[in-house]
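*Asks:* Curious how this folds, go ahead:
(chains A and B)
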Amino acid sequence: MSRLFGVPDGMSRRHFVSHLAGAAALATPATAFTNTLLANAADMKKRHKAAILLWMGGGPSTMDIWDLKPGAPTGGEFKQISTSADGVAISEHMPLMAKQMHNMAIVRSMSTREADHMRGRYYMHTGYVPNPNVEHPGYGSVIAHELADQVAELEIPPFVSVGGGSVGAGFLGMTWAPFVVDSNGNVRNLDGGIDRARLDQRLAMLSAIEDKFITEKRGGASLEHRKVLEKTTKLMSSSQMEAFKVSKEPKEMLEKYGENAFGRGCLLARRLVERGVPFVEVDLGGWDNHADIFATLRDQKLPVLDQAMSALVSDLSDRGMLDDTVVMWMGEFSRTPNINGGGGRDHWARSWSTVVGGGGFQRGIVVGETSADGKEVVTEPYTSQDLMASVLKSLGISLETTFTAKNGRPMKIANSGKVIKELFA
Amino acid sequence: MCRSSFPRRVWAMLPGVVVSAGATSRVLALCVTVAALSPAQAADDHFGIEPVRFINEQISAGWADADLQPSAAATDGEWCRRVFLDLVGRIPTVAELERYAQESTPTKRAELVERLLGEEYEDEFARNWTDVWTMVLIGRDTENEQVSRAGMRQWLRRALAKNIPYDRFMEELVTATGVNTNRKDLAGFNGATNFLSGKMVEMGVENGVQATAKTAQIFLGVQVACTQCHNHPFNKGKQNQFWELNAFFRQARALNREEGSGELQFVELLDQDFEGEGKNPEEAELYYELRNGLMKVAFPVFIDGTEIAKTGYLPGKMEDGTPYGANRRQELAKLIKTSPNFPKAIVNRIWGHFLGYGFTKPVDDLGDHNPPSHPELLDGLAERFREQSFDLKELMRWITLSKPYALSSKTTAKNASDDPAVGEKPKFSHFYLRQMQAEQLYESLLTATEADKAAGEEAARKKDAWMSQFVIAFGTDEGDEATTFNGSIPQVLMMFNGELIKQATSTGKGGFLDKVAKSPKSNEDKVRMLYLAALARKPSPKETGAANALLVARKGDVVGALQDIWWADLNSNEFIINH
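*Replies:* Alright, predicted model coming up:
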């Protein structure tokens, strides 16, 4: 390995970083991570646990996709069809997913309070409501932080966001921030056209400047900058970047996922997870259907979702990766059971559905139930925290894990959410 | 005498080297001057300006209460770089640093602020604050067809160059009517319409919901977006208040003009009689839905409970001369002007711009649930700002000349605990680090590399195109967005390898590096020149050592070594972090 920033050969990166932190002892202390009890750490190392979040920006109407109410005045235009899971029916416009439901579980008893896009996105990603005094890390940063060490020498970022509609690393620091790429896996400005030896010489110069500024104790931002520089230089010369080249997939595979941004993004997610990336988020926006919802879903949104999501689940299953890879589907909230004057549905958080599968989850089931008009959850309601706790459990991450936020306050992982017990056998 | 004819000579390592007889160029003289920079004058000087005294007094009291000792004053170089970045949106040139460093009057800081707020920098000041306000008013979204960014910027540049009073600034934006796009063949252009032109329609429904939310947030520091659908769980905001405020926007129409082509050409924002959803224009009401499905009625009522006439008619006169009607947006502007929240919201925003944190976080939420760190200071500055006829430049003068703005960013054992990044309320006992905005970086790179600048709108469009690489759209009706210009890997890759950096570090003829390389200076002074241009300081002995190593690695190729050093300077934390 070439020398970066004068890291002595033989000194591990981790050692080097802690060394650095020592040198800047009076800068804001890096986030302390007080308690990682990985129940089966050794096992995880072999098996590369990972999660893929399919994020539906805008708030999809789950009553028209996963929890239909045919015949109810609020039921809308769609019929339901039976699926490969016993007794589980979903929208007629999800025929390919209908063949994969034996691999998935629908949670129909989500009940949340945040019906504003930004607040809802934050809450569903972090398990916390927005708070001006602390920025919480989202799913990607938490899971990347917990699982990054399971693949030795992972040089590419442990949290990749395809399309970028995620939330950031919060108090975990920029090291765990989403690495945003487009659905073709293009990474901008990767190559500077400078030979490696000269780049290393430049980095040595840069290191002298960075050092000086850090030792002047001006605050945490200077140290964060340095950490990200380190990661960037590693990534620039990494052969692992090959995983981003989704267009190298065979034609049949590209067609199976769908020749569109979301299909490409899901295929990219599978490639990255295969290479050891523990968390990938893929974005599909356009669900904010305040008007003309049924035609939009039928003709535009659902065909794209159905093809790509079903391709991802079946592909993971075919490759034997599904037992170690959690797939989850959600938006920031759902949409009103009542259909408005414009033939649309507005924001609604009180009763809605998310979908999970893979990992340690029980499959082919439905959890919870809503009322006949879809306006109430009639079983035990679940929150973002509960869903997050369940996803972490299914990845083997201990729910006893506690972070220390920058203000010194302990923060229980998943905001002390309780596991949705039906999801586990 | 040309030192570059001795390429194998490494950079001398003597700090404060004696200038050789032949080197009489201005640049060399500068190197010596800045090397001898003294710390800024005593930071408790208030320059005879009462509000500055008030700020210093209030902030110092906060230190005493929290048992904090302020950091030392920033160096001249640091302070100069800071005030250029914050006022005109770029770092100072070497010549500008030199000029400031050479002055020795005790009022030199006030004099520099005067210059930056005066005629000499009028265009740059307007450009910087146009960037700031464009972001606040219409965000970074370049896709919204109902917004002309060029039109918005044109209006802002004019308003900011003229420093129109802030109450008029608000009024012109909130009440704007006219055509949003500046085209020779169109009459009635008013760039101010672009604040609202893209916020009137949501998914085909012309309800002014975004206009309501943004007007309240920006000009009143009130967050009402959530109360559109429900009573707010954390603050006093109630759903009726949202819709009563929204009622002020119901005469406004943003009409898409397509001129036969079928494609949107421009938007015309105008006021029309509002007949009301109950079809009674005398009492023009709107309906909104509670979460339980019940419908409620709303008329225009301001956030403090002040009602205006319920009529939906615009002002006019009956045949017998009796006046009738009301212009709801104009009534709203009058109410905003007299609201105590109005000056507080802008004082908080401007303070946050200069000090890194406002008195509340976020700066546009002044609700009761979010108490400010310095309530008396916020109230006192707001009162003074109103008394000063809402003069934005005056407010900026007070803040930039205040004691907290002049402090070093180096923390001490007596104030390291004052760190709002960890969620503490800010005490402003040292200058808080913050990364440059993308716009500031762009302009600073142009400055530092003396790149040819395009002018006006053409330059702004080039900058937009460059910045679009960082924008992430969330795909909601509200045009929510984020940026990857946030210190993460994509940003570092851009700084390492991006086109702009390639240009900045190019050794092409006539470029900055070429000029430095060809100047008749010692190699050491050439390196100093780069450090001054990028970091407003001279290199440390250690850094000079690293520079020497580079020259050896380049086998004496001075230009190549300068290129490497310059690349490192521009990529450093110290360059991109306003400190």
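*Asks:* Chain B: strands as residue ranges?
*Replies:* B:178-179, B:201-202, B:205-206, B:252-257, B:266-271, B:286-289, B:295-298, B:316-317, B:323-324, B:434-435, B:471-473, B:481-483, B:577-578 (DSSP state E).
*Asks:* Low-confidence regions, the stretch 201-350 of chain B specifically.
*Replies:* Applying pLDDT under 70 to the stretch 201-350 of chain B flags residues B:203-204, B:225-237, B:260-262, B:291.
*Asks:* rewinding a little: of all the strands of chain B, which one comes closest to chain A?
*Replies:* In terms of Cβ to the nearest Cβ, the element of the strands of chain B nearest to chain A is strand B:471-473, at 3.7 Å. C-beta coordinates here come from the backbone N, C-alpha and C atoms, glycine included.
*Asks:* what is the mean pLDDT for that closest one?
*Replies:* For strand B:471-473, the mean pLDDT works out to 72.
*Asks:* could you dump the strands of chain B to JSON lines with mean neighbour count and distance to chain A?
*Replies:* Formatted as JSON lines, the strands of chain B follow (neighbours: other Cβ atoms under 10 Å in any protein chain shown; distance: least, Cβ to the nearest Cβ, whole Å):
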{"stretch": "strand B:178-179", "mean neighbour count": "20", "distance to chain A": "27"}
{"stretch": "strand B:201-202", "mean neighbour count": "18", "distance to chain A": "6"}
{"stretch": "strand B:205-206", "mean neighbour count": "15", "distance to chain A": "6"}
{"stretch": "strand B:252-257", "mean neighbour count": "18", "distance to chain A": "16"}
{"stretch": "strand B:266-271", "mean neighbour count": "21", "distance to chain A": "20"}
{"stretch": "strand B:286-289", "mean neighbour count": "18", "distance to chain A": "8"}
{"stretch": "strand B:295-298", "mean neighbour count": "14", "distance to chain A": "11"}
{"stretch": "strand B:316-317", "mean neighbour count": "10", "distance to chain A": "31"}
{"stretch": "strand B:323-324", "mean neighbour count": "11", "distance to chain A": "31"}
{"stretch": "strand B:434-435", "mean neighbour count": "18", "distance to chain A": "7"}
{"stretch": "strand B:471-473", "mean neighbour count": "19", "distance to chain A": "4"}
{"stretch": "strand B:481-483", "mean neighbour count": "19", "distance to chain A": "7"}
{"stretch": "strand B:577-578", "mean neighbour count": "20", "distance to chain A": "6"}
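*Asks:* Please identify which of these is closest to B:A345.
*Replies:* strand B:434-435 (20.7 Å; Cβ to Cβ).
*Asks:* ok, that closest one: who's next to it in the sheet?
*Replies:* strand B:577-578 (antiparallel) (DSSP bridges).
*Asks:* pLDDT value on the residue in the stretch 151-300 of chain A positioned nearest to chain B, please?
*Replies:* Using Cβ to the nearest Cβ, the single residue of the stretch 151-300 of chain A nearest to chain B is A:G285, 2.2 Å away. pLDDT, A:G285: 92.
*Asks:* element containing it, please.
*Replies:* Assessed by DSSP states H and E, A:G285 sits outside every helix and strand.
*Asks:* you'd agree it is up against A:V162?
*Replies:* No. Using Cβ atoms under 8 Å, A:G285 is not in contact with A:V162; the gap is 12.0 Å.
*Asks:* any low-confidence regions in the stretch 201-350 of chain A?
*Replies:* For the stretch 201-350 of chain A, no stretch has pLDDT under 70.
*Asks:* Let me see the ranges of the helices in it.
*Replies:* A:220-236, A:251-257, A:261-275, A:293-296, A:302-318 (DSSP state H, counting those that start in this stretch).
*Asks:* Need the winner for burial among those helices.
*Replies:* By mean neighbour count, with neighbours taken as mean count of other Cβ atoms under 10 Å in any protein chain shown, helix A:261-275 ranks first of the helices of the stretch 201-350 of chain A at a mean of 24.
*Asks:* Please see if it touches chain B.
*Replies:* No. Using Cβ under 8 Å from any Cβ of the partner chain, helix A:261-275 never reaches chain B; the gap is at least 11.3 Å.
*Asks:* Residues in contact with that helix: which ones?
*Replies:* Applying Cβ atoms under 8 Å, 6 or more residues apart in numbering or on different chains, the contact partners of helix A:261-275 are A:48, A:50, A:52, A:54, A:156, A:160, A:162-163, A:181-185, A:240, A:243-244, A:246, A:249, A:253-254, A:257-258, A:280, A:282-284, A:304-305, A:307-309, A:311-312, A:315-316, A:319, A:321, A:325.
*Asks:* Ok, stretch B:131-141 next?
*Replies:* Contacts for stretch B:131-141 (Cβ under 8 Å, 6+ apart): B:89, B:144, B:147, B:149, B:152-153, B:156, B:160, B:173, B:194-195, B:198, B:214, B:218, B:349, B:353, B:437, B:439, B:467-468, B:471, B:473, B:479, B:481, B:483.
*Asks:* ok, and for that stretch, which residues are buried?
*Replies:* For stretch B:131-141, burial by neighbour count (16 or more other Cβ atoms under 10 Å in any protein chain shown) applies to B:D131, B:V132, B:W133, B:T134, B:L137, B:I138, B:G139, B:R140.
*Asks:* and what of stretch B:304-318?
*Replies:* Going by 16+ other Cβ under 10 Å, stretch B:304-318 has these buried residues: B:I308, B:A309, B:K310, B:T311, B:G312, B:Y313, B:L314.
*Asks:* In CSV, list those residues along with distance to A:A169.
*Replies:* Conversion of the buried residues of stretch B:304-318 to CSV gives the following (distance: Cβ to Cβ, whole Å):
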residue, distance to A:A169
B:I308, 47
B:A309, 51
B:K310, 50
B:T311, 53
B:G312, 50
B:Y313, 54
B:L314, 51
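*Asks:* so B:L245 makes contact with B:K214?
*Replies:* No. B:L245 is beyond contact range of B:K214, at 11.4 Å (criterion: Cβ under 8 Å).
*Asks:* number of nearby residues for B:Q330?
*Replies:* Using other Cβ atoms under 10 Å in any protein chain shown, B:Q330 has 17 other residues around it.
*Asks:* Give me the local confidence score for the spatially closest residue to it that is not a sequence neighbour.
*Replies:* Of all residues not flanking B:Q330 in the chain, B:T175 sits nearest, at 5.2 Å (Cβ to Cβ, 6 or more residues apart in numbering or on different chains). We have a pLDDT of 98 for B:T175.
*Asks:* I'd like to know how far B:T175 sits from B:R329.
*Replies:* 5 Å (Cβ to Cβ, to the nearest Å).
*Asks:* Looking only at neighbour counts, state which of B:L245 and B:K214 leads.
*Replies:* Higher neighbour count among B:L245 and B:K214: B:L245, with 26 against 21, using other Cβ under 10 Å.
*Asks:* and the more buried one, what is it in contact with?
*Replies:* Neighbouring residues of B:L245 by Cβ under 8 Å, 6+ apart: B:T212, B:T215, B:A216, B:V224, B:P300, B:V301, B:F302, B:I303.
*Asks:* Which positions in the stretch 251-400 of chain B make contact with chain A?
*Replies:* Counting by Cβ under 8 Å from any Cβ, the residues of the stretch 251-400 of chain B close to chain A are B:R291, B:G293, B:T360, B:K361, B:P362, B:D365, B:N370.
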